[in-house]
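Colleague: Predicted structure and sequence below. I'll ask about it afterward.
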Amino acid sequence: MTPQESIGASMAQVSAVVREAAARALAPDPSMTVSEWADKNRVLTSRSSPEPGPWRTSRTPYLKEVMNALSPSNRAEMVVLMSGSQVGKTECGNNWLGYSIDMAPGPMMAVQPSVEMAKRNSKQRIAPLIEDCPALRAKVRDSRSRDSGNTVLAKEFPGGILVMTGANSAKGLRSTPVRYLFLDEVDGFKEDVEEEGEPCDLAIARTTNFARRKIFITSTPVLQGRSRIEKFFQSGTQEHFYVPCPHCEFMQELKPDNFVYAKGNPESAHFVCEACDGVIVNHQKNWMLPRGQWRAHNPGAKVRSFYLPSYYSPVGWLSWAKIAEKHEASEEDSTKRQVFWNTILGLPWADQGEVPDDARLYERREEYPIGMLPEGALVLTAGADVQARRIEIEVVAHGRNDETWSIDYRVFEGDTNQPDIYKQVARLMDADFPTFYGAPARISKLAIDTGYNTLAVYDFVRDMSAQRVMGVKGQQHSASFLGVPTIVEVGPMGRRVKHGARVWPINVSIAKEQLYRRLRLAVPDYSRGEKWPAGFCHFPQYSKEYFEQLCGEQLVTRIERGYRRFAWEKRRDRNEALDCRVYAMAAAASLRLETWPAEKWDETQNLLTRIRAVEPPSATKAEVVRQPVPQFKAFPMKTDFTED
């Protein structure tokens, strides 16, 4: 063969390789799902699992939908799983890695909280995943072979590579572009990695060049307010797993509210059906789990997010008796209590701390006029608490960085079973509030409690625009503050209402814990150049009664049906100010203000500066704009909480 012929043959070989790679890149994704691949190919051994043998998705049926969302045929780019322990979330991710190596190869990255944890995970989980699965063993060369491309933190295979690193290594996070990204136990990641930024952001930035990327994020949550997995979960579909009662087949979640056991006897642990009060015991999960289904509490979101507490752990793994034992051990120890919330309930722990000091809040009141939005305040929401003879409403302004200002507090007197009082509320929705920026602002969203004189409140909610008024109903346990609304279609005497009212469930416990944490924030020291902390709450010159009501509850432990639960308890008779603030927070959550980018806040501010005043409105002008509020004689103070 002449040199020219040799060169031509070499070029032909290179062209063939290029064509093969291009064809692989352009080929349609395989139709097989991740769960189908795992059932067909995954093998568990005693090195990596307490149940060696072929993988069976039927053992953990709740993982099927999660795995299938990671399949190339599913449109979701990001999948989030917030859960307790011993439900199989890490093995779910490992199944996806194995599937990708075998069926849809490409560059991959798996991130653990630290490099050392990444090495340990590689040896204890990834190595057995490859070595014990014939389909993968044939594609990833033996690490003992010379130039195998198989090291502890890197596994090469035809068409791609799996890189493993820690969230504490900036170099590892920005090492290479990847199509597939697995972020495991993200609540254990450092806040800032080597002064280069937030590790999740750095890792996700590695995927931006791939049109068909997949990102899987899992974790047991740790601290509320700082939990990454909680924020990822809330940005998605917020899917919960519902299972049928073995007695009446009513579909329901397994919630702490319905988990019961006799004190000192964890073996008596069981669930009580929400519909028929039937006793559900641990072994009945074998029947319930295969019949379960995921239901989205935030449908329409692009991110698929799932929440799963450890109550769903299969029979033979973590039993309800063991969960009851862990709960009882945590009763007197706040550290163990946090572990229980994180690893069993799969919920972020809120620092219970002390009730905010109402006297300190009163002392740090500010001088901005009541009824006017000061600088930084851009969006108005309101919360309404309905009593027998009055409706109390707080108007709250929101700004960047979760900062809030109480703008006004109104009390409308009248029979709340009659429509006249609701006309006053409707007029408040049309009221203009002066702003620092010039143009007036109106209340964007009102959340009104439906717990008292319910049917009258339903009528009001139906008559108002759903874009501006929402009915809410408080509850104690859920994975997120604001749930999915239900349409109430039954009126008096069981008659069907043509256009039902939408009622939003809200977790008042989460809201109160978050509010109290923010009320304990310290005023910044300007001499040191400090700024207002995120979530700071500003208040005008209200009376002491307002702050006493705002701090009028505390978190206590109660024993109900032999089960010790955390519950909010009144410290005084009146606490309407606290309820109104919680409902205003719900209205803000429905507007998703916490997700607004800087551009959205800038746009809102620009709208308010269309008619810029030469000077901010004076306190006198602001008082003139406010509608006078009649005094309620049962109050030992003015109803709008202004000082005499």
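Modeller: Thanks, I have it. Numbers count the residues shown, from 1 in each chain.
Colleague: OK, contacts around the residue positioned nearest the centre of the chain?
Modeller: With distances taken as Cα atoms, centre = their mean, Gln234 lies nearest the centre of the chain, 3.0 Å away. Residues counted as contacts of Gln234 (Cβ atoms under 8 Å, 6 or more residues apart in numbering) are 298, 305, 480. C-betas here are computed from N, CA, C, even on glycine.
Colleague: name the element Arg427 belongs to?
Modeller: helix 420-429 (DSSP states H and E).
Colleague: Now the element after that helix, going C-ward?
Modeller: Assigned by DSSP H and E, the successor of helix 420-429 is strand 443-449.
Colleague: just how off-centre is that next one within its chain?
Modeller: Offset of strand 443-449 from its chain centre (Cα atoms, centre = their mean, to the nearest Å): 22 Å.
Colleague: which helices and strands does that strand pack with?
Modeller: strand 379-386, helix 420-429, helix 454-463, strand 469-475, helix 576-590 (3 or more Cβ pairs under 8 Å, 6 or more residues apart in numbering; DSSP states H and E).
Colleague: Mean pLDDT, distance to Val193 and mean neighbour count added to the ones you listed, as CSV?
Modeller: Output for the helices and strands packed on strand 443-449, formatted as CSV (pLDDT from 0 to 100; distance: least, Cβ to Cβ, whole Å; neighbours: other Cβ atoms under 10 Å):
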stretch, mean pLDDT, distance to Val193, mean neighbour count
strand 379-386, 97, 33, 26
helix 420-429, 95, 47, 16
helix 454-463, 91, 47, 19
strand 469-475, 90, 38, 21
helix 576-590, 96, 30, 25
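Colleague: Ok, which of these comes nearest Pro348?
Modeller: helix 576-590 (15.9 Å; Cβ to Cβ).
Colleague: got the angle between the closest one and strand 469-475?
Modeller: 110 degrees (axes from the mean of the first three to the mean of the last three Cα atoms, to 10 degrees).
Colleague: And the contacts of the following helix or strand past helix 576-590?
Modeller: Next in sequence after helix 576-590, counting helices and strands by DSSP H and E, comes helix 598-608. Applying Cβ under 8 Å, 6+ apart, the external contacts of helix 598-608 come out as 378-379, 399-400, 435, 437-439, 441.
Colleague: Let me see the contact set for Ala388.
Modeller: Taking Cβ under 8 Å, 6+ apart, one finds 415-416, 452-453 in contact with Ala388.
Colleague: mind redoing it with 7 Å?
Modeller: Ala388 sits next to Thr416 when contact means Cβ atoms under 7 Å, 6 or more residues apart in numbering.
Colleague: Secondary structure element holding it?
Modeller: Per DSSP H and E, there is no helix or strand for Ala388.
Colleague: same thing with Gly236?
Modeller: Counting by DSSP H and E, Gly236 is part of no helix or strand.
Colleague: Name the nearest residue to it, ignoring sequence neighbours.
Modeller: Ser305 (2.8 Å; Cβ to Cβ, 6 or more residues apart in numbering).
Colleague: The closest residue to Thr343 other than its chain neighbours: neighbour count?
Modeller: Nearest non-adjacent residue to Thr343, counting by Cβ to Cβ, 6+ apart: Ser85, 4.4 Å away. Each residue near Ser85 was counted by other Cβ atoms under 10 Å, and the total is 16.
Colleague: Only alpha carbons, please: show stretch 93-109 as CSV.
Modeller: C-alpha atoms of stretch 93-109 as CSV (Å, rounded to 0.1, in the frame of the first residue of the first chain):
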residue,chain,number,x,y,z
GLY,A,93,-30.3,7.9,41.3
ASN,A,94,-27.8,5.0,40.8
ASN,A,95,-30.4,3.3,38.6
TRP,A,96,-30.5,6.4,36.5
LEU,A,97,-26.7,6.5,36.2
GLY,A,98,-26.6,2.9,35.2
TYR,A,99,-29.3,3.4,32.6
SER,A,100,-27.5,6.4,31.1
ILE,A,101,-24.2,4.5,30.8
ASP,A,102,-26.0,1.6,29.0
MET,A,103,-28.8,3.2,27.0
ALA,A,104,-28.2,6.9,26.6
PRO,A,105,-24.5,7.6,27.1
GLY,A,106,-23.1,11.1,27.6
PRO,A,107,-20.9,13.1,30.0
MET,A,108,-22.2,12.7,33.6
MET,A,109,-21.4,14.2,37.0
